[in-house]
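# A structural model of the following input is requested.
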Amino acid sequence: MTAESGRVTPPSTRSAAPLIAAILLCIALLAARWPGVAMYDTISQYEQAIGGDFFDWHPPIMARFWSLLIPLWPGTGPFLILQLAMWWGGLGLLAAALARAGKAGAGWAVLAVGMLPLFVGWDTVVLKDAQLASCLIAVAGIVAHFRFADRRIPRWATASILILLAYGTLVRGNAVFATVPLALGLVGWFGIRRWLTRGALAIGLILAVIVLSPPINHHLLGARASKVERALPLYDVAGIAHHAGLTSVKGASPAAWREAETKGCYTPYFWNPYGMPTQCESLGDSVAFDAPSGAPIMRQWITLVVTHPFAWAEHRLRHFNSNIRFLVGHGESDAVPPAVSEANEDGLGGPPSMAGKALVTAAWAQSETPLGWPFAWLALAAVLIWSAGAARGPVAALGRTLAVSALVMGMSYAIVSIASDLRYHLWSMLATALALVLLLAANALDRRRFRSGLVAVAALCLLAIAARLMLPHEPYPYPVAGKLSGAPA
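Now for the predicted structure:
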């Protein structure tokens, strides 16, 4: 870059401004949301950290880490600092790397993405979803810092990346669908060119991590088994039985199943009634959680999927539609980060500041637009991958990698999801937005494909708008917070 005087601005000067801005934004968000917001999941993990009794309904690595912090600094404060430091540290490094590469406009766009209220609002909630997104954006920033300058990543930085990827993988049950494609993309897929071979490699590594995670949680992290692995089979069994019109399911009498159907226990939005006291917990326990072994529910799950594939597909599609918030009524629940912490006896949280309230209000406004609808971001990620083709260069490579990670994780909810909270898509939405900035900055998009793809995304958004105008609002019939069946009290 050349100033009006004709002098060339040094790279260090070009990169300083985005870094300073990122630091200031981090401080501002800390002040606005201090000491962090605690939800039900947060409180459960904090109480495990205090009591030293860990179980695996929520990945125990967060509670284990918290138990190390509590003697030094109790409460949510340390995790809020950590989450925002990784968030703005990663975004700041990425923006500075773009500025040094002569793409200052793209660098400022990166910071603007980080300030989207729905995204950063969720990052101020002390939660595993925010920790996953923060870890991965920190990884992206470290990689960009070196690779955009054509520098080799030193060992200490490589070690930092591996630690962040490992923690991110273990901090959320389905994070592997984001971290494995991200890691493979960062190493260039080991030189593999064919997408079919890449897919096979990714699936193999994802399955390997899924197999290894329980032993790590139970033996290395010392967590007790909570039978969490039975939640997905239970939800699918109930969904298949509901859509196939079955008179009962194994483990429940026909009368008990009819009562559950009459009460509306099954919902494409959330499985939770089968795990909630005073709702449908007794049916969930008898079908899945009371058995000493998980074999019966697993066998019933596989049998029903094979014998009623169309009912299973309808159940999964209806839930996926709710999960990505596509053809839904106006105001689907659990989109906006909470303004205050959930009531607790641990002293977590505090009264919201005026700035915090304004952030939540802005997050709500974003959630009412396509910028807050996961399906739109997933469709855009697919368009970016299709349009980027074989574009080369470190900026394009990172952009493509982020888009693939976003899409794979988002699409995984079509198979493995049991709930529809918007926060589950925090990484996918953020990664897609950053991928768009990077690929545009690298001039890596085929214009014809990109324009055609944007038309398709716009058409999907118009369908979603029509659905929100025409479909009735379907509020979740039961309160979400409470003890989950299978999880120790």
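
# all strands of the protein, in order?
Counting by DSSP state E, the chain has no strands at all.

# run through this structure and note the low-pLDDT ranges.
1-13, 475-489 (pLDDT under 70).

# care to break it down by domain?
The record's domain split for the chain, according to automatic domain parsing, is 11-223+347-470, 228-324.

# including distance to residue 331, could those domains go into JSON lines?
Every C-beta, even on glycine, is put in place using the N, C-alpha and C of the backbone. Shown next, in JSON lines, are those (distance: least, Cβ to Cβ, whole Å):
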{"stretch": "domain 11-223+347-470", "distance to residue 331": "8"}
{"stretch": "domain 228-324", "distance to residue 331": "12"}
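
# so who does residue 180 touch?
Counting by Cβ atoms under 8 Å, 6 or more residues apart in numbering, residue 180 touches 169, 202, 205-206, 209, 408.

# so which of the domains of the chain gets nearest residue 341?
domain 11-223+347-470 (2.5 Å; Cβ to Cβ).

# so how far is the closest one from its chain's centroid?
Computed by Cα atoms, centre = their mean, to the nearest Å, the separation of domain 11-223+347-470 from the middle of its chain amounts to 7 Å.

# ok, residue 426 to residue 83 distance?
From residue 426 over to residue 83 the distance is 11 Å, taken as Cβ to Cβ, to the nearest Å.

# mutual contacts of these two, please.
Contacts common to residue 426 and residue 83, judged by Cβ under 8 Å, 6+ apart, are 123, 130.

# quick one: contacts for the closest residue to residue 394 other than its chain neighbours?
Excluding its sequence neighbours, the residue lying closest to residue 394 (Cβ to Cβ, 6 or more residues apart in numbering) is residue 147, at 4.2 Å. Residue 147 sits next to 153, 394, 397-398 when contact means Cβ under 8 Å, 6+ apart.

# count of residues packed around residue 307?
11 (other Cβ atoms under 10 Å).

# can I assume residue 378 is in contact with residue 432?
Yes - counting by Cβ atoms under 8 Å, residue 432 is a contact partner of residue 378 at 7.4 Å.

# what about those two, which has more around it?
residue 432 (28 against 24).

# contact partners for that one?
Per Cβ under 8 Å, 6+ apart, neighbours of residue 432: 377-378, 380-381, 384, 402-403, 406-407.

# can we see that at 10 Å?
For residue 432, the contacting residues are 113, 374, 376-384, 399, 402-403, 405-407, 410, 425, by Cβ atoms under 10 Å, 6 or more residues apart in numbering.

# so the residue nearest to residue 394 versus residue 100, what's the distance?
From residue 147 to residue 100 the distance is 12 Å (Cβ to Cβ).

# and residue 168, how far is that from residue 180?
Residue 168 is 11 Å from residue 180, by Cβ to Cβ.

# kindly report the same for residue 165.
With Cβ to Cβ as the criterion, residue 165 and residue 180 are 9 Å apart.

# now do residue 31
36 Å.

# same check, this time on residue 164
As judged by Cβ to Cβ, residue 164 and residue 180 stand 14 Å apart.

# ok, residue 226 next?
Remark: distance between residue 226 and residue 180 (Cβ to Cβ) = 25 Å.

# kindly report the same for residue 217.
For residue 217 relative to residue 180 (Cβ to Cβ), the value is 18 Å.

# ok, residue 296 next?
Distance from residue 296 to residue 180, by Cβ to Cβ: 31 Å.

# residues touching residue 195, list them.
Per Cβ under 10 Å, 6+ apart, neighbours of residue 195: 189, 385, 404.

# number of residues surrounding the nearest residue in space to the first one that is not next to it in sequence?
So the one you mean is residue 189. With sequence-adjacent residues excluded and distances taken as Cβ to Cβ, 6+ apart, residue 189 is closest to residue 198, at 5.3 Å. Residue 198 has 17 neighbours, counted by other Cβ under 10 Å.

# state the distance from the nearest residue to residue 316 once chain neighbours are set aside to residue 313.
The shortest distance from residue 316 to any residue other than its chain neighbours is 6.1 Å, reached at residue 414 (Cβ to Cβ, 6+ apart). The gap separating residue 414 from residue 313 is 10 Å, by Cβ to Cβ.

# got it, and residue 227?
26 Å.

# of these two, who's got more company?
Legend: neighbour count by other Cβ under 10 Å for residue 227 and residue 313, higher for residue 227 (21 against 14).

# which residues touch residue 415?
174, 177, 232, 236, 316, 320 are the contacts of residue 415 under Cβ under 10 Å, 6+ apart.

# same check on residue 132?
59, 62, 167-172, 174-175, 178-179, 409, 424, 426-427.

# can we see that at 8 Å?
By Cβ under 8 Å, 6+ apart, residue 132 lies in contact with 168, 171-172, 175, 178, 426-427.

# what ranges do the helices span in the stretch 251-400 of the chain?
Secondary structure of the stretch 251-400 of the chain (DSSP state H, counting those that start in this stretch): helices at 254-263, 281-284, 295-307, 309-324, 354-367, 374-388, 394-416.

# reformat those helices as TSV; add distance to residue 143.
Compiled in TSV, the helices of the stretch 251-400 of the chain are given as follows (distance: least, Cβ to Cβ, whole Å):
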stretch	distance to residue 143
helix 254-263	49
helix 281-284	43
helix 295-307	39
helix 309-324	28
helix 354-367	28
helix 374-388	17
helix 394-416	6
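
# among those helices, which is nearest residue 445?
With Cβ to Cβ as the criterion, residue 445 lies closest to helix 374-388 of these, at 4.4 Å.

# my read is that residue 247 contacts residue 257, right?
Yes - counting by Cβ under 8 Å, residue 247 does reach residue 257; the two are 6.8 Å apart.

# which of these two has more neighbours?
residue 257 (21 against 9).

# one step back: out of the domains of the chain, nearest to residue 338?
Set against residue 338 and scored by Cβ to Cβ, those come closest in domain 11-223+347-470, at 5.5 Å.

# mind listing what residue 321 touches?
268, 327-328.

# hmm, back to that, from the contacts of residue 415, pick the one nearest residue 390.
residue 177 (24.2 Å).

# counting neighbours, what do you get for the closest one?
27.

# same question for residue 166.
15.

# go on, the one 10 residues further on?
By the other Cβ under 10 Å criterion, the neighbourhood of residue 176 contains 24 residues.

# name the nearest residue to it, ignoring sequence neighbours.
Using Cβ to Cβ, 6+ apart and skipping the chain neighbours, the partner closest in space to residue 176 is residue 209 (4.5 Å).

# ok, now how distant is that neighbour from residue 27?
Counting by Cβ to Cβ, the separation of residue 209 from residue 27 is 36 Å.

# more neighbours: which of these two?
residue 209 (17 against 12).

# correct me if wrong: that one contacts residue 175.
No - with contacts counted by Cβ under 8 Å, residue 209 stays clear of residue 175, the gap being 9.1 Å.

# so what sits against both of these two?
Common neighbours of residue 209 and residue 175 (Cβ under 8 Å, 6+ apart) are residue 169.
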